[in-house]
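1. 3D model of this:
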Amino acid sequence: MAAPKSPSSGAFNNTFSKISECYICNKNIVPKEIYNEHIILNSLGGRLKSKSLICRQCASKLDKIDAALSRSLNSFGLLLNIPRDRGTNPPIPATRTDTGERISLDSGGKPVVIKPIITDKLADKEQPSLYISAKDKPQMREILTGLKRKYPLLNVEELVNSAVARQEDIPPVIINLSFGEEEFRSVCKMAINFYMYHDGERDLISHLIPYIKDGCENQYVGYYYPDELIAASNSSESFIHTLYIEGNPQEKILYGYIELYSAFRLIILLSDSYEGDFFQQVYSFNVLSREEMEKEININVSRK
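-> A predicted model of the protein is given here:
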């Protein structure tokens, strides 16, 4: 079995002594087309990546399915405040269980009011009043600046500086998650990436390329929650990404098993005509400590 490529090094060095092929278009990855592909999405906190899997042009054509998976699982990265290599976790919408009010959750699960509340009674001659509830001082300053056009005597900075921060206990909220065909296709790409990262054979997965690009009627990915424990680790942390690939010549199958955040568990049929040597690779990553970890996989999938 070939040694895995280093996650921190790609197929190209300064002299471009090694030319890799994009497994999507099967063309050489020329220098201007080098793309640092995250095997586990950057938006999910993944760090394992390679420059020798997919060219830049093909990667852009697959952005849609990766964006779908990112949107579906963004709540985990946001609530756990998991750092990304690029960008930050965008806020997610949620619904309060007590009032039904729509709010937004920011990094670490911090609740943010989606729309400011403004009660303008300054025109009331007997009891003039103004009440503003905003997410922060910049938003309050923006609101007051707009009101100053109506009420020129408003002292915007004085009012902003006199604003009082309010803390409120938020009850449980409802966060909607969806997992459909595009998400399944992105998971399939993740499994292919991991297989090809370990010098897999393109011929065995070439039939999956139209599926991850455009979808098809065949179902190559499904949820997998068997009764027995699949993954055991020496860590008590409960938010782990795990990638597992096995080629079983006796069953003539090549398949992948993927766990995301130790919660979403999926199995991927990569090939049902595998005749090579027994092949097995596993990678586990603790998304909180940002460290690779050892993990034993107890899985024995038959062809049936």
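2. quick one: average pLDDT of stretch 159-171?
-> For stretch 159-171, mean pLDDT is 82.
3. what's the spacing between the most far-flung residue of the chain relative to its centre and Leu154?
-> Within the chain, the residue lying farthest from the chain centre (Cα atoms, centre = their mean) is Glu126, at 55.0 Å. The span separating Glu126 from Leu154 equals 19 Å under the rule Cβ to Cβ, to the nearest Å. Backbone N, C-alpha and C define where each C-beta goes, glycine included.
4. What count of nearby residues applies to Thr97?
-> 12 (other Cβ atoms under 10 Å).
5. need the contact list for it.
-> Pro171, Pro172, Val173, Ile174 (Cβ atoms under 8 Å, 6 or more residues apart in numbering).
6. just checking, which of those belong to strands?
-> Val173, Ile174 (DSSP state E).
7. Quick check on the contacts of Thr97: which are buried?
-> In the contacts of Thr97, burial by neighbour count holds for Val173, counting by 16 or more other Cβ atoms under 10 Å.
8. I'd like the contacts of Thr97 laid out as JSON lines, including distance to Leu260.
-> Formatted as JSON lines, the contacts of Thr97 follow (distance: Cβ to Cβ, whole Å):
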{"residue": "Pro171", "distance to Leu260": "28"}
{"residue": "Pro172", "distance to Leu260": "23"}
{"residue": "Val173", "distance to Leu260": "22"}
{"residue": "Ile174", "distance to Leu260": "21"}
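9. Out of the contacts of Thr97, flag the one nearest to Gly77.
-> Using Cβ to Cβ, Val173 comes nearest to Gly77 of those, at 16.8 Å.
10. Now for that closest one: which residues touch it?
-> Taking Cβ under 8 Å, 6+ apart as the criterion, Val173 is in contact with Ala94, Thr95, Arg96, Thr97, Ile103, Leu105, Pro111.
11. give me that answer again for 10 Å
-> 92-98, 101-103, 105, 109, 111 (Cβ atoms under 10 Å, 6 or more residues apart in numbering).
12. now, the most widely separated pair of the residues you listed?
-> Maximum distance among those (Cβ to Cβ): 18.9 Å, for Ile92 and Asp98.
13. Looking at these two, which one has more neighbours?
-> Under the criterion of other Cβ under 10 Å, the comparison of Ile92 against Asp98 puts Ile92 first, with 21 against 9.
14. Is that one bridged to anything, and to what?
-> Leu105 (DSSP bridges).
15. Need the residue closest to the centroid of the protein.
-> Leu44 (3.1 Å).
16. Just to check, that residue is in contact with His241?
-> Yes. Using Cβ atoms under 10 Å, Leu44 is in contact with His241, at 6.9 Å.
17. helix or strand for Ile65, which one?
-> helix 63-79 (DSSP states H and E).
18. Let me see the mean pLDDT of that helix.
-> Mean per-residue pLDDT for helix 63-79: 89.
19. Show me where the stretch 101-250 of the chain has its strands.
-> Applying DSSP state E, counting those that start in this stretch to the stretch 101-250 of the chain gives strands spanning 102-106, 110-113, 117-120, 130-133, 173-174, 221-223, 231-233, 240-248.
20. Go through the ones you listed and pick out the most buried.
-> strand 240-248 (a mean of 22; mean count of other Cβ atoms under 10 Å).
21. need the next SSE after that one, C-terminal direction.
-> strand 253-260.
22. That following strand pairs with which strands, and in what direction?
-> Strand 253-260 has these partner strands in its sheet, going by DSSP bridges: strand 240-248 (antiparallel), strand 264-271 (antiparallel).
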